[in-house]
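[1] Below is the sequence, then the predicted model.
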Amino acid sequence: STWWRSVEPAAKDPILGVTEAFLADPSPDKVNVGVGAYRDDNGKPVVLDCVREAERRIAGNLNMEYLPMGGSIKMVEETLKLAYGENSEFIRDKRIAAVQSLSGTGACRLFADFQKRFCPDSQIYIPVPTWANHHNIWRDAQVPQRTFHYYHAESRGLDFAALMDDIKNAPDGSFFLLHACAHNPTGVDPSEEQWREISFQFKAKGHFAFFDMAYQGFASGDPEKDAKAIRIFLEDGHHIGIAQSYAKNMGLYGQRVGCLSVLCEDEKQAVAVKSQLQQLARPMYSNPPVHGAVIVSTILGDPELKKLWLKEVKVMADRIIGMRTALRENLEKLGSPLSWEHITNQIGMFCYSGLTPEQVDRLTNEFHIYLTRNGRISMAGVTTGNVGYLANAIHEVSK
Ligand code: PMP
């Protein structure tokens with residue numbers, strides 16, 4: 001029509017584009033290590049047993065009424081326990097403003113909109129590199145972005161010194177986006193000691209820490225351990241924000257279940273903040289979807305099902321850890337003279353391989369192996385069946 005003549009096609013999403021290309025490739029050898037979704041050792045998507053059981057219990061008992069604007073109260077309650085701790089004083093004192101969100105992405109976006117509305121002149125500091133969508137989210141919320149150093153290319157680890165400098169040099173009271181665990185795309189997390197130093201410096205500068213926790217449980221296999229960074233900040237008295245997601249750790253990708261929470265000074269402030277978060281949600285999507293939230297509250301509200309969930313999270317994390325070892329050993333066996341230690345040092349779903357965009361192009365064009373051009377390998381796509389093929393291909397293009 002005449003209305004949309006000036007509309008040009010949008011740039012392809014760098015991550016979702018990889019899957020499109022993979023699906024279009026007819027080769028029987030093809031491997032998809034681009035997508036950030038868990039696969040079993042046969043390369044198949046997984047629905048957790050605890051989820052299947054929860055669905056059985058829900059079936060027939062669920063009406064389709066709207067949830068409240070802030071989502072399922074029971075789900076939010078259980079979700080806060082995972083992040084802030086089972087016996088958190090902040091939960092007890094009702095100091096947390098929390099709403100159900102459209103998974104982790106929706107939590108980040110709602111926070112970005114909240115930040116814009118109530119701190120209109122603020123900026124957000126984002127690590128280099130980060131999940132590409134972080135940039136889109138804060139851009140669309142019209143919050144100006146700054147970056148801080150994070151990854152050290154040479155060591156394929158954390159650039160701690162530069163990170164600390166950037167924290168010190170940012171204006172007092174700046175907003176920072178931190179990955180709570182299993183940093184995407186690098187698989188590089190600060191150590192506990194480093195988190196303590198980061199928290200200390202945040203305190204000195206009066207910065208606000210917003211934690212994106214998309215992979216709780218995927219780093220160590222234990223959600224409690226993976227909340228360590230958050231707990232350190234809480235101990236130090238920070239008023240933090242958290243985006244939580246059940247996409248990965250409960251395998252509820254398409255259900256879009258998550259939570260945005262903001263720790264406030266007291267209950268009165270928490271009530272006000274929550275009401276404003278709901279006010280932001282109302283004209284966007286009115287209220288969040290019900291089905292996934294009931295799955296989560298059914299699992300976490302039942303001690304047996306919760307135990308099963310924790311076991312299944314560990315199985316997923318352990319399979320990935322096992323594949324890291326296998327990939328590294330295969331590369332070493334092939335006689336690669338390069339160091340592949342970072343494959344096992346990095347944690348979570350991704351391995352930031354250090355492969356160049358040209359090497360990635362060769363993997364795709366010559367070996368039908370699909371990944372983003374930044375060299376990020378989703379370890380969740382690696383299996384007993386393809387790890388040898390993958391190692392050989394990586395060895396060939398990195399010779
Ligand atoms: N943050 C990070 C760092 C992620 O990697 C992801 C998923 N790729 C998300 C947030 C959001 O995922 P979802 O919206 O599916 O919960």
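    Received, thanks.
[2] Just to check, residue 27 is in contact with residue 369?
    No. Using CB atoms under 8 Å, residue 27 is not in contact with residue 369; the gap is 9.9 Å. For the C-beta atoms, the positions are set from N, CA and C on the backbone; glycine is no exception.
[3] more neighbours, those two?
    Of the pair residue 27 and residue 369, residue 369 is the one with more neighbours under other CB atoms under 10 Å, namely 27 against 10.
[4] Contacts only, for that one.
    Neighbour list for residue 369: 30-31, 33, 363, 390, 393 [criterion: CB atoms under 8 Å, 6 or more residues apart in numbering].
[5] Quick check: helices, which of those residues are part of them?
    Counting by DSSP state H, these place 363, 390, 393 in helices.
[6] Now which of these would you call buried?
    Buried subset of the ones in helices among the contacts of residue 369 (neighbour count, 16 or more other CB atoms under 10 Å): 363, 390, 393.
[7] For the last one, give me the pLDDT.
    According to the prediction, residue 393 has pLDDT 97.
[8] Once you drop chain neighbours, what's closest to it?
    residue 367 (3.9 Å; CB to CB, 6 or more residues apart in numbering).
[9] Bridge partners for the residue in the stretch 251-399 of the chain that the ligand sits nearest to, pull those for me.
    In the stretch 251-399 of the chain, the residue found nearest to the ligand is residue 258; the distance is 5.4 Å by CB to the nearest ligand atom. Legend: beta-bridge partners of residue 258 under DSSP bridges are residue 101, residue 245.
[10] Is it correct that it is in contact with residue 246?
    Yes. Shown here, residue 258 and residue 246 form a contact pair, counting by CB under 8 Å, at 6.4 Å.
[11] Tell me which of those two has more neighbours.
    Using other CB under 10 Å as the criterion, residue 258 and residue 246 rank with residue 258 on top: 31 against 28.
[12] Let me see the contact set for the more buried one.
    Residues in contact with residue 258 (CB under 8 Å, 6+ apart) are 79, 100-107, 243-247.
[13] now residue 190: how far from residue 231?
    Residue 190 is 14 Å from residue 231, where distance means CB to CB, to the nearest Å.
[14] So for those two, which sits in the more crowded spot?
    When residue 190 and residue 231 are compared for neighbours, residue 190 comes out ahead with 22 against 16, by other CB under 10 Å.
[15] wait, residue 343 sits on residue 322?
    No. If you go by CB under 8 Å, residue 343 and residue 322 don't touch, sitting 12.0 Å apart.
[16] Comparing these two, which residue is more hemmed in?
    The neighbour comparison of residue 343 against residue 322 (other CB under 10 Å) goes to residue 343, with 25 against 15.
[17] Let me see the backbone angles for the more buried one.
    With angles defined as degrees, to the nearest 10, residue 343 sits at phi -60, psi -40.
[18] Check residue 149 too.
    Per-residue torsions, residue 149: phi -60, psi 140 (degrees, to the nearest 10).
[19] Look at the nearest residue to it once chain neighbours are set aside and tell me its secondary structure.
    Counting by CB to CB, 6+ apart, residue 162 is the residue found nearest to residue 149 once chain neighbours are left out, at 3.5 Å. Using DSSP: H, G, I helix; E, B strand; the rest coil as the criterion, the local structure at residue 162 reads helix.
[20] who's in contact with residue 138?
    For residue 138, the contacting residues are 112, 124, 126, 145, 177, by CB under 8 Å, 6+ apart.
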